[in-house]
Each structure stands twice: as structure tokens, then as C-alpha cells.
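1. Coordinates for the following, if possible.
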Amino acid sequence: MATEQQRDGHLIFYPANLPSGREKLLLHVNGVTSSYENQQRDVEALVWLSLERPFDVIGIHNGTEGFRADLLESLLGKAELFRLWPEHLTPDTQNRLQGYADLLDRLSSLELSPDADILQVVEGLRPSSPLTTTTPAKNSFNLLFDLELIRRLPFVQKMGWTEFEAYFYGAYPAGAPRPTLRLACEILKGIQTGAEIFVVAHSQGMIIAAIAFHILQKFFGSYTGWANKIHFIGYGPVILFADLPPALRIQTVMVQHRHDLVAESLSNIRNLGIWNNLQTQIKNVLENSDNLFRSINNDSHHSATLYLGMTGLPSGERCAKLISLLITENWQTSPFIQALRGSRIIVEESAEELAMSG
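-> Now for the predicted structure:
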């Protein structure tokens, strides 16, 4: 049986609702510390939430490497996103982003199996690929990180972000390259078949989705119509609207529980393009990692089970109802959707829940 790490970037299906070429496609990306089995549960929940208008529902698995490694992946992904803000783009970053788009172009012509290791596939393309002006990632197939180890590496203090990114990721997107590239491939395939695409992502999955959107924007160049074919619903948000390509911001709704402290902490981390600041953020996360871990591990207000209505809490059921409406209502004609597009929705606890917690 494949290990959790070997399933990174694999596709997940609900057996009773296998893809059949429907007009609507829902792609789900899971968050930190979420196992393959947990995401199978989440995919099933989304199938039930979309029963009114059945979708092809596919999970893109973001394999967990353990809490601290997942957090570091999240911080590195946010640093990558910061560098992709229009006002921070440099020629080097543009070239790197073009390299991701070139990877997507090569991958889009292949029939990838649901359990393909997308980085192994990319390595197989390299001999005939004009892609690489950068060296392959040092840890191409074993992107395992430990926050304390990273902080202790003597040369890291002397590295700029570009050098650090190239050392650990080579030509691949920073953070979680397998699910990032696989999501970009599945979105492109959906666009090419004319599907209406809903990307639903939790926690770190939103960082992965945002980087995939930037790759697609670079892939399509001056054609901005690609963004109109996508609706992005993020729950437990850990990104800012500024992290998304401008054309996709109006196509996005974020859902956050009032007491989701993890989302509140990580979504408000800014200026990660500055390497010294990234190290400060790593130090701060380390100091608070035990509390964050307990919060995530105990089906807290950040958990997918709460947002998808599986805890029985009234506020969680409201989150699930909101997500259900966002994936079943017509985004072009629904007054409800028109009022919510481009916004972050804060879900409050009920008076009953507040009394219980008090």
C-alpha cells in the first residue's frame, strides 16, 4: 500500500460518484495534517453537499509530511505568492513562473493516471525539454523539511529567497509542487473540455490553489477569459485576496469561522517575500506550533470536519450550508452569489454554542 507521502498529488474519487464528464467539475484540495483517508471523507461530504446539481468531484491530495513540515510548506508557498504580486514581480520571478507554465504545457499533452507521481513524470520529460535553466530540485522526490533544521543550516542566513527557493525546489513551485502542478493540470483539462469549474480548498490547499492559478494565468498569457470559467471557494482561509491573480478575485469567496484562529494567524502574514521576515515568521510559528497543532488536531474551528458540517455544531452546519449554496447556485444570475463574490464571509457561533463554550 502506498504511503501518505507517496500519495502526494494523487487524485481521490468517491466510488459512488465517479467522474462521468458532467458539465460541472469540483476540484478539492485539502489542508495541513489531513491524511488521504480524511480527504476521502471530505470528498464524500462535498458530493452530498452538491446533490442538487451533481458534479464530477475530484480530490487533489496534498500529502501531509507532519505538522511542522506542513507549516513550513505553507510559509514557503506564501513567500512564493508574495513574489507573484504584480508590484513585486522581477524578471527572475517572471522567468521562473514561465518555467512553471512550460511544465504545464508539456504535462497537458499527457494522459496522467490518478496515482501518477507528477514530479517523476516531469523528470522523464527533461531530456527532450527546453525547460530548464535551473538545476533540478535538491529534494525533488523527498521534500521533507524540519523547521528547526532549516533555521540551523549555516548557509541559510546568507541566502536570499531566490537562492533558497532554487536550492530546495529547483524548477518546481515552492511549497507543495506535486498537488500544485496536478491541480493546474486538472483545471486546464476542465477548461479545455468546457466544464464549469469549482475549486474548493481548505487551509494550505488555498495556497496551493493560488499558485496554480498564477501558473494558469502565465500559461494563458493575454487571454483573461480562463478566469471566468473558474469559481474559487476557500474555507479556513490562509491567504489574502492580493495573493490571487486579479482576474480571479471576483470569482472567489472565502469562508471563515469567527473562532478559526489558525486562519486568522496565517492569512494575516504579509511581506513573506523578504527572507529575513520569513525567518522571523518561522520562529514565531515554532514558538506557537504546539498550540496550533492542538487546535488543528482536535477538530477545532479550523478543521475541515467543522466547515463541511460533520461535527454537528450549528455554526459548522451554517458553514456547510454556505459552501453548498456556493457550489450549487448560478454564479451569473443568483443575487445571493452576486452579493458575496470577491469577499470573505465570517461565520459566527450561535448563542447556544457561545453559552456552551462559556
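
2. Quick check: P19 touching F55?
-> No. Judged on C-beta atoms under 8 Å, P19 makes no contact with F55 at a distance of 9.1 Å. Every residue, glycine included, has its C-beta placed from N, CA and C.

3. hey, what's in contact with both of those two?
-> Taking C-beta atoms under 8 Å, 6 or more residues apart in numbering as the contact rule, the neighbours common to P19 and F55 are L25.

4. higher neighbour count, the two?
-> Shown here are P19 and F55; by other C-beta atoms under 10 Å, F55 has more neighbours (25 against 14).

5. what sits against the closest residue to L340 other than its chain neighbours?
-> Residue nearest to L340 in three dimensions, not counting chain neighbours: V253, with 5.1 Å by C-beta to C-beta, 6 or more residues apart in numbering. The contact partners of V253, by C-beta under 8 Å, 6+ apart, come to 232-234, 326, 340-345.

6. Inside strands: which ones of the residues you listed?
-> Judged by DSSP state E, the subset of the contacts of V253 located in strands is 232-234, 343-345.

7. Could you write me a ChimeraX select line covering just the buried ones among those residues?
-> Typed into ChimeraX, the line below selects the buried ones among the ones in strands among the contacts of V253, using 16 or more other C-beta atoms under 10 Å:
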select :232,233,234,344
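
8. Angles on the backbone of the nearest residue to I250 once chain neighbours are set aside, please.
-> Using C-beta to C-beta, 6+ apart and skipping the chain neighbours, the partner closest in space to I250 is G342 (4.6 Å). Main-chain dihedrals, G342, degrees, to the nearest 10: phi 70, psi 30.

9. ok, the residue nearest to L340 to G170 distance?
-> 35 Å (C-beta to C-beta, to the nearest Å).

10. Give the buried residues for stretch 303-321.
-> Within stretch 303-321, the residues scored as buried using 16+ other C-beta under 10 Å are 303-311, 313, 315-320.

11. Quick one: end-to-end length of it, please.
-> The first and last residues of stretch 303-321 sit 16 Å apart, counting by C-alpha to C-alpha, to the nearest Å.

12. Give me the contact list for it.
-> 30-31, 34, 38, 41-42, 45-46, 49, 202-203, 235-236, 255, 257-258, 296, 299-300, 323, 347-350, 352-353.
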